[in-house]
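*Asks:* Quick one: sequence plus predicted model below, questions after.
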Amino acid sequence: MQELLTQLKSKTEKLYLGGGIEKLDKQKDKGKLTAWERIQYLLDPNTTYFEIGKFAGDGLYEEHGGCPNAGVVIVLGYIQTRLCIIVSNDATVKAGAWFPISAKKNIRAQEIAMENNIPIIYLVDSAGVYLPMQDEIFPDKEHFGRVFRNNAKISAMGIPQISAIMGSCVAGGAYLPIMSDYALIVEKTGSVFLAGSYLVKSSVGEIVDNETLGGAVTHSEISGVTDNKYPDDESCLDAIRNIIDKFGKTKQNLFSRKIPTLPEYDPTFIYNYLPQDRLKPYNMLEIIKAIVDKGSIEEYKKDYGKTIICALARVDGWAVGIVANQREIVKAKKPGNITEMQMGGVIYSDSADKAARFIMNCNQQKIPLVFLQDVTGFMVGSRSEHGGIIKDGAKMVNAMANSVVPKFTFIIGNSYGAGNYAMCGKAYDPRLIYAWPTAQIAVMSGASAGKTLLQIQEGALKTKNINLSDEEKQNLLDKIEQQYNEQLSPYYAAGRLWVDGVIDPAETRKIISMGIEAANHNESIPKYNVGVIQV
């Protein structure tokens, strides 16, 4: 675990460099703060925050020079004691241009603002769409235009949006700040226009400089597009803090909270306890004791469906319902007093049935749900099929998918196949979803996939009367497994925003607490209805 955490720290520190030290220095030479400096200046001192979409873009677009952190930093943190989402373009990465993953990450930030009814602040410093990839970012539903659609929706919901134009703001991107409730601009460095001076000259023949075309004086004194101009980044950020200081408060009494207590185990207990060998069993309940408040655990049906733990608990004082895969190999009593061993990490019919009931209880009682994934999938074989595993699995998925309480998912170990779905994977709208460095996400394990794909390729070759030698089979298997194992990495998932980031396990408690606090800004939650469930 220490080796994995060292890798996590190293990769995180590299992200702070954005497009590189040389480009950071150029930003400074222009009198501008960096993307991270703007965020740190804006946040309340000595308060906690966490990043959303960390490692987005990791390993992507290498042929274009890469796009570290998707060229934008997004955090959830406190401004004037108010929980907010901050979106800060990193102009050191391709001048802040939007790659496909940049659009996806910005939309993710807007989703979180809408789901939780919390203000969103845009610190704009972007050259607009990355033109060499325009076909992958411009026209589709989840592309660039969705950002402005969300601007309109957020405004209609009454959620505050503040934009600060602190650098370039070009073409379609110009609509983002102007569709916000407040649009501020920094003198000399900030500019906003539908077309820059070069395009204006080529389109209509007019010769005009960018400052006259769309600088701070133009838009604050002549066009009225922006509200006010500020001499530097710091004064502009001060104005944002002053605006937020005046916001009225929303009701925050949906979810139960008491005075928090520390966990029974220090979170660092996880480092030594969680085995790196994925076949080695461990007791998930011990992991939970390092996350939840001491003495708060109340298990549900603890002697039934033992490959899933369901428990009520508190995290930093907040009431939660925990659904966690149990990796211990347990003895389970079946009808007729038949005792058999159940594999850890596998969902059986009784476990799925128990989890479905527990999830429904938590929805009725307005208790947020936390899913801790270390799952290899649902149990297969004739006995399981005859016992109705598909029906019971569908029941669990239905109960979870229709949940109206906030859901938070953490991938601790394996996250394979339908197990990922049933345990609230990304497709099921968790408010936040994070992976530990020990996570693996795929349809199946590398070993299983390798053997399956090898059989398929062998069959295809045999139809051509080609038979592989044992050595050729092993080489092919090694090649398949190597490629598959690279895709299992949590950083592969984070790079594509299948998860909101890779975190130190010790951060889990903080993310759950701040996530529920954000969700608590909604004034109500819809009525729970699971639809048709077979019993």
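*Replies:* Perfect, I can see it now.

*Asks:* Now do the helices in the stretch 251-400 of the chain.
*Replies:* For the stretch 251-400 of the chain, the helices defined by DSSP state H, counting those that start in this stretch occupy 269-273, 284-289, 349-364, 382-386, 389-401.

*Asks:* Ok, which of those helices comes nearest Lys331?
*Replies:* Minimum separation from Lys331 across the helices of the stretch 251-400 of the chain (Cβ to Cβ) falls at helix 349-364, 12.9 Å. For the C-beta atoms, the positions are set from N, CA and C on the backbone; glycine is no exception.

*Asks:* sorry, back to before: in CSV, list the helices of the stretch 251-400 of the chain along with mean neighbour count and mean pLDDT.
*Replies:* Shown next, in CSV, are those (neighbours: other Cβ atoms under 10 Å; pLDDT from 0 to 100):
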stretch, mean neighbour count, mean pLDDT
helix 269-273, 16, 96
helix 284-289, 20, 97
helix 349-364, 23, 95
helix 382-386, 11, 77
helix 389-401, 21, 92
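
*Asks:* just for this protein, where's the confidence low?
*Replies:* Scanning the chain for pLDDT under 70 picks out 172, 332-341, 386, 445-447, 532-535.

*Asks:* quick one, which of the helices of the stretch 251-400 of the chain is nearest to Ala174?
*Replies:* Among the helices of the stretch 251-400 of the chain, helix 389-401 comes nearest to Ala174, with 38.3 Å by Cβ to Cβ.

*Asks:* Show me the one of the helices of the stretch 251-400 of the chain that comes nearest Lys306.
*Replies:* Ranking the helices of the stretch 251-400 of the chain by proximity to Lys306 (Cβ to Cβ) places helix 349-364 first, at 7.2 Å.

*Asks:* Any chance you could list what contacts that closest one?
*Replies:* Outside helix 349-364, the residues within contact range by Cβ atoms under 8 Å, 6 or more residues apart in numbering are 300-301, 304-308, 310, 321, 323, 332, 347, 367-369, 378-379, 384, 387-389, 392-393, 395-396, 398-400, 402-405, 422, 528, 530, 533.

*Asks:* Give me the buried subset of the residues you listed.
*Replies:* 300-301, 305-308, 310, 321, 323, 332, 347, 367-369, 378-379, 384, 387, 389, 392-393, 395-396, 398-400, 402-403, 405, 422, 528, 530 (16 or more other Cβ atoms under 10 Å).

*Asks:* Next step: these restricted to strands.
*Replies:* When DSSP state E defines the strands, the subset of the buried ones among the contacts of helix 349-364 inside them is Ile308, Cys310, Gly321, Val323, Ala332, Ile347, Leu369, Phe378.

*Asks:* Max pairwise distance over these: which two?
*Replies:* Greatest spacing in these, by Cβ to Cβ: Ala332 and Leu369 (24.3 Å).

*Asks:* any idea which helix is longest in the protein?
*Replies:* Longest among the helix segments of the chain by residue count, using DSSP state H, is helix 470-488.

*Asks:* What helices and strands are in contact with the following helix or strand past it?
*Replies:* Heading C-terminal from helix 470-488, the first helix or strand you meet, by DSSP states H and E, is helix 490-495. Counting contacts by 3 or more Cβ pairs under 8 Å, 6 or more residues apart in numbering; DSSP states H and E, helix 490-495 packs against strand 432-435, strand 440-442.

*Asks:* Can you give me the buried ones in helix 490-495?
*Replies:* Applying 16+ other Cβ under 10 Å to helix 490-495 flags Pro490, Tyr491, Tyr492, Ala493, Ala494, Gly495 as buried.

*Asks:* Grab the nearest non-local neighbour of Trp98.
*Replies:* Val129 (5.2 Å; Cβ to Cβ, 6 or more residues apart in numbering).

*Asks:* contacting residues for that neighbour?
*Replies:* By Cβ under 8 Å, 6+ apart, the contact list for Val129 reads Ala97, Trp98, Ile137, Phe138, Phe144, Ala171, Gly172, Gly173.

*Asks:* Same check on Glu111?
*Replies:* Residues near Glu111 by Cβ under 8 Å, 6+ apart: Asn150.

*Asks:* after the helix or strand hosting it comes which helix or strand?
*Replies:* For Glu111, the element it lies in under DSSP H and E is helix 100-116. Downstream of helix 100-116, the next assigned helix or strand under DSSP H and E is strand 120-126.

*Asks:* list the contacts for Val170?
*Replies:* Shown in contact with Val170 (Cβ under 8 Å, 6+ apart): Ser126, Ala127, Gly128, Val192, Phe193, Leu194, Ala195, Gly196.

*Asks:* swap that for Asn325, sorry
*Replies:* 284, 307-309, 344-345, 347, 372-375, 419, 423 are the contacts of Asn325 under Cβ under 8 Å, 6+ apart.

*Asks:* what do you get for Lys527?
*Replies:* The contact partners of Lys527, taken as Cβ under 8 Å, 6+ apart, are Val404.

*Asks:* re earlier: using CSV, lay out the ones in strands among the buried ones among the contacts of helix 349-364 together with distance to Arg257.
*Replies:* Shown next, in CSV, are these (distance: Cβ to Cβ, whole Å):
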residue, distance to Arg257
Ile308, 26
Cys310, 21
Gly321, 15
Val323, 20
Ala332, 36
Ile347, 31
Leu369, 16
Phe378, 35
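
*Asks:* which one of those residues is nearest Ala35?
*Replies:* The closest of those to Ala35 turns out to be Leu369 (Cβ to Cβ; 33.2 Å).

*Asks:* Quickly list what that closest one is bridged to.
*Replies:* Note on Leu369: beta-bridge partners Gly321, Lys407, judged by DSSP bridges.

*Asks:* That one and Ala319: what is the separation?
*Replies:* 11 Å (Cβ to Cβ, to the nearest Å).

*Asks:* Repeat that for Leu372.
*Replies:* For Leu372, the distance to Ala319 - Cβ to Cβ - is 17 Å.

*Asks:* out of these two, which sits in the more crowded spot?
*Replies:* Leu372 (24 against 20; other Cβ atoms under 10 Å).

*Asks:* Double-check Ala324 against Ile309; I have them as touching.
*Replies:* Yes - Ala324 is in contact with Ile309 according to Cβ atoms under 8 Å; the separation is 4.5 Å.

*Asks:* Find residues that contact each of these two.
*Replies:* Met284, Ile288.

*Asks:* Between those two, which has more neighbouring residues?
*Replies:* Remark: of Ala324 and Ile309, Ile309 carries more neighbours, 27 against 24, as counted by other Cβ under 10 Å.

*Asks:* that older thread, what does the longest helix of the chain contact?
*Replies:* With Cβ under 8 Å, 6+ apart as the criterion, helix 470-488 contacts 440-442, 445-447, 449-451, 453-454, 457-458, 468, 492.

*Asks:* on that earlier part again, can you pick out the most distant pair from the contacts of Val170?
*Replies:* The most widely separated members of those are Ser126 and Ala195, with 15.2 Å between them, by Cβ to Cβ.

*Asks:* Of those two, give the one with the bigger neighbour count.
*Replies:* Using other Cβ under 10 Å, the more surrounded residue of Ser126 and Ala195 is Ser126, with 29 against 16.

*Asks:* Which residues are in contact with the residue nearest to the more buried one when sequence neighbours are not counted?
*Replies:* With Cβ to Cβ, 6+ apart as the criterion, Ser126 has its nearest non-adjacent residue at 3.6 Å, and that residue is Gly96. Neighbour list for Gly96: Gly71, Val72, Asn89, Asp90, Asp125, Ser126, Ala127, Gly167, Ser168 [criterion: Cβ under 8 Å, 6+ apart].

*Asks:* quick one: contacts for the residue nearest to Phe269 when sequence neighbours are not counted?
*Replies:* Distances taken as Cβ to Cβ, 6+ apart place Ala290 nearest to Phe269, at 4.7 Å, with adjacent residues excluded. Applying Cβ under 8 Å, 6+ apart, we find Ala290 in contact with Pro263, Glu264, Tyr265, Asp266, Pro267, Phe269, Ile270, Tyr273, Pro505.
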